[in-house]
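S.K.: The amino acid sequence is not available; the structure is as follows:
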DNA sequence: TTTAGCACTCCAAATGGGGGAGTGCTAATG
DNA sequence: CATTAGCACTCCCCCATTTGGAGTGCTAAA
């Protein structure tokens, strides 16, 4: 039995194995570590240390006489040791075009994550249900169709074509918009939804505002997940196994699981790393997620991050995700403030 | 030398080989044909016929003693022979939810194509440049940002957030909308673009309408391509070769090539089938495209269809694409007519 | 003209060694 | 006493070889 301390030497050797494995994706032998990393130790010593590390649960051998491969525990150690007190790298900030739509911002941020990491980037949009509606504008189209423009306090903007029955006379649209804004403005979508659901209990005359609200709320469903660079996964050498890859791609494309995982796991502020089996979903257990919440002011809005093989350069990726989250927050805060200085129609 | 006729027997054998190959994706031997297809012929006879078909260019052997595989020419024959005079199958029409946005219609149709065919569905949206603008509505947001709602005569609807400098007083927005509509309504986006470009030659006072038009026109760029079921490609047994698959997936994801291919090749009305090497792009030469234009009235609007391996049940796929195109046309026509009975604000 | 028979071809999967990378252990060394 | 050189051993990976089978083309018979 080995005493269970992680001495300095063991730490160094472990780090060397991690580095090399992250580079090469292949089992790391004692000779390679001795040559490539100037620890001043002979292969034999390193072998002994590696045996200790194996017993401590940080390394495994794919088979009796192969090199060592890091376990989830090793990655966890690596990540935990680098998370506190890390100086900010000066990363070139992504070339965002000065668009104003939040939707395209999300898409661009996701793109940025995937390009910078060469992995798959993800941005989970804020949940609409807790967002506060600011105002509603209606615009006449033709017949009994109107375009509803919904503006939220966080600067979000959604449009939806509604069917109204009976048709609202074009002259009254403006008035009707004001009516909707008065009734629903300043409330969260959730509370509006509850209000609509309770509507059955109020046996008044049929209320057209209620009907419109119902139609608008249909948009509020799932939180939108922006993914990009899914195919970067294909470049990972570990995917000689085509079946596992298919499963993963399908999971990513379906998005549902990922949304669940993000909302359930990664909702506490700051950067989170979920490594391999720490992850509840089987198709994702060969992968790691690095995520961070992003917020405007003190309110957590959504989650963004990166998915990739367990073997990833966590230091860089963690920095990337953290900085991107900060950036996103700044951007949204900027938007938010601009939005507050609102102008009445 | 074999006389170059396609006798009835040869036709039957060819059809049998096609059928079997489409089912199994493996070379077809004479014994299998004899057993599985009741042609009343012995394997030996079928071997002779197959040799003839090979000389005529309809079949090949992957190697000397394997079964036969259909060539592009065989598929071409198959497709050409089934295109004329085909009775309409009664396909369950897809369960479209009664949405009114054209964008989601496109996405849904593409989805329908991919689900029904178990291949990749595509819908190419109409080119905006030749579309006629109907009217523009501006809606105040905050500060110097306004939401522009652009309605086209074909019932299209786009929104874009614009920055206006100097800010337009909210009271004048309505007037300004009318001004834009008067100036640009009834013209194609292309002609508006030309007008804007010629603006430099008119050395008048700086024109705010012009600036806004420029911003709106930024949307007019590429035609939108809706793809779905890309991953269905993964289920094709021919993709043991992982590299070819990656290339294909990348091509699909990038979309550009596909847009080119569709606009250049498939623009003549009706169903078109592009088989294997008939296709100019290398990454797509192991695939076939079945496409059809869709139109409202007599104007061709866009293109939709399916991409899959050459080995596909062309009869079913061709029917599917044709019927979907018809359906799309009806839908758009309906929308169009509704839109014509327009209501002034 | 069709078909049975047969020799032949060629792939695909199974088999069977080397070669090599890596380990664990032991004994020697500072 | 920790470290290291040396060595025997293990096990995978890669290669060449073998083998079985599916399929063909040809020939001769029906």
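M.R.: Perfect, I can see it now. If you're wondering where the values come from, they're calculated on a predicted model, not measured in any experiment.
S.K.: Find the residue closest to residue A:224 in space, skipping its chain neighbours.
M.R.: Of all residues not flanking residue A:224 in the chain, residue A:125 sits nearest, at 4.2 Å (CB to CB, 6 or more residues apart in numbering or on different chains). (C-beta placed from N, C-alpha, C; glycine too.)
S.K.: Would you agree that neighbour is in contact with residue A:225?
M.R.: Yes - using CB atoms under 8 Å, residue A:125 is in contact with residue A:225, at 7.3 Å.
S.K.: sec struct for residue A:26, please.
M.R.: Here residue A:26 is recorded as coil under DSSP: H, G, I helix; E, B strand; the rest coil.
S.K.: okay, and the helix or strand of chain A with the least pLDDT?
M.R.: Lowest mean confidence among the helices and strands of chain A (mean pLDDT, DSSP states H and E): helix A:208-217, at a mean of 77.
S.K.: and that helix, what other elements does it pack with?
M.R.: In terms of contacts (3 or more CB pairs under 8 Å, 6 or more residues apart in numbering or on different chains; DSSP states H and E), helix A:208-217 is packed against strand A:145-152, strand A:157-163, helix A:173-184, helix A:189-198.
S.K.: Okay, buried residues for it please.
M.R.: Buried residues in helix A:208-217, defined by neighbour count with 16 or more other CB atoms under 10 Å in any protein chain shown: A:211, A:212, A:213, A:216, A:217.
S.K.: Against chain B - does the host helix or strand of residue A:226 have any residue that ends up touching it?
M.R.: Using DSSP states H and E, residue A:226 sits within strand A:225-228. No - Strand A:225-228 does not reach chain B (CB under 8 Å from any CB of the partner chain); its nearest approach is 9.6 Å.
S.K.: Stretch A:249-265 vs chain B: in contact?
M.R.: Yes - with CB under 8 Å from any CB as the criterion, chain B is reached by stretch A:249-265 at A:249, A:250, A:253.
S.K.: follow-up on the earlier one: need the buried residues of helix A:208-217 in CSV (columns: distance to DNA strand D).
M.R.: Output for the buried residues of helix A:208-217, formatted as CSV (distance: CB to the nearest atom of the strand, whole Å):
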residue, distance to DNA strand D
A:211, 65
A:212, 63
A:213, 61
A:216, 58
A:217, 55
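S.K.: Kindly present those as JSON lines, with separate columns for distance to residue B:7.
M.R.: Listed next are the buried residues of helix A:208-217 as JSON lines, based on distance: CB to CB, whole Å:
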{"residue": "A:211", "distance to residue B:7": "68"}
{"residue": "A:212", "distance to residue B:7": "69"}
{"residue": "A:213", "distance to residue B:7": "70"}
{"residue": "A:216", "distance to residue B:7": "66"}
{"residue": "A:217", "distance to residue B:7": "66"}
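S.K.: Which one of the residues you listed is nearest to residue B:291?
M.R.: Closest approach between those and residue B:291, by CB to CB: residue A:216, at 36.8 Å.
S.K.: pretty sure that closest one is touching residue A:150, no?
M.R.: Yes - in this structure, residue A:216 is within contact of residue A:150 by CB under 8 Å, at 6.1 Å.
S.K.: Can you check which residues contact both of the two?
M.R.: The contact sets of residue A:216 and residue A:150 overlap at A:136, A:160 (CB atoms under 8 Å, 6 or more residues apart in numbering or on different chains).
S.K.: Residue A:151 versus the nearest residue to residue A:179 once chain neighbours are set aside, what's the distance?
M.R.: Spatial nearest neighbour of residue A:179, chain neighbours left out: residue A:209 (6.2 Å); criterion: CB to CB, 6+ apart. Distance of residue A:209 to residue A:151, given as CB to CB, to the nearest Å: 17 Å.
S.K.: before we move on, what about residue A:2?
M.R.: Taking CB to CB, one finds residue A:2 at 63 Å from residue A:151.
S.K.: These two: which has the busier surroundings?
M.R.: Per other CB atoms under 10 Å in any protein chain shown, whichever of residue A:2 and residue A:151 has more neighbours is residue A:151, with 22 against 12.
S.K.: now the residue nearest to residue A:224: how far from residue A:308?
M.R.: For residue A:125, the distance to residue A:308 - CB to CB - is 21 Å.
S.K.: who's in contact with whichever residue of chain A sits closest to DNA strand C?
M.R.: Here chain A gets closest to DNA strand C at one residue, residue A:29, 2.8 Å apart by CB to the nearest atom of the strand. By CB under 8 Å, 6+ apart, the residues touching residue A:29 are A:66, A:67, A:68.
S.K.: surely the first one meets residue A:27?
M.R.: Yes - shown here, residue A:66 and residue A:27 form a contact pair, counting by CB under 8 Å, at 4.6 Å.
S.K.: who has more neighbours, the two?
M.R.: The neighbour count for residue A:66 versus residue A:27, taken as other CB under 10 Å, is higher for residue A:27 (18 against 13).
S.K.: dump the residue contacts of that one.
M.R.: So residue A:27 contacts A:21, A:61, A:62, A:66, A:67, A:68, A:69 (CB under 8 Å, 6+ apart).
S.K.: Pull the contacting residues for residue A:316.
M.R.: residue A:117.
S.K.: Correction: the previous question concerned residue A:317.
M.R.: Counting by CB under 8 Å, 6+ apart, residue A:317 touches A:117, A:119, A:290, A:306, A:308.
S.K.: Next, count neighbours for the second one.
M.R.: Applying the criterion other CB under 10 Å, we find 26 residues in the vicinity of residue A:119.
S.K.: For it, which non-adjacent residue is spatially closest?
M.R.: Of all residues not flanking residue A:119 in the chain, residue A:308 sits nearest, at 3.5 Å (CB to CB, 6+ apart).
S.K.: How about the residues of the stretch 51-200 of chain A by DNA strand D?
M.R.: A:62, A:63, A:64, A:65, A:66 (CB under 7 Å from any atom of the strand).
S.K.: run the last query once more with 10 Å
M.R.: For the stretch 51-200 of chain A, the residues in contact with DNA strand D (CB under 10 Å from any atom of the strand) are A:61, A:62, A:63, A:64, A:65, A:66.
S.K.: What segments of chain A are helices?
M.R.: Under the criterion DSSP state H, helices of chain A are mapped to A:8-24, A:30-36, A:43-56, A:72-82, A:102-117, A:173-184, A:189-198, A:208-217, A:242-254, A:256-265, A:314-340.
S.K.: which stretch among those helices comes nearest residue B:183?
M.R.: The nearest among the helices of chain A, by CB to CB, is helix A:173-184 at 23.8 Å.
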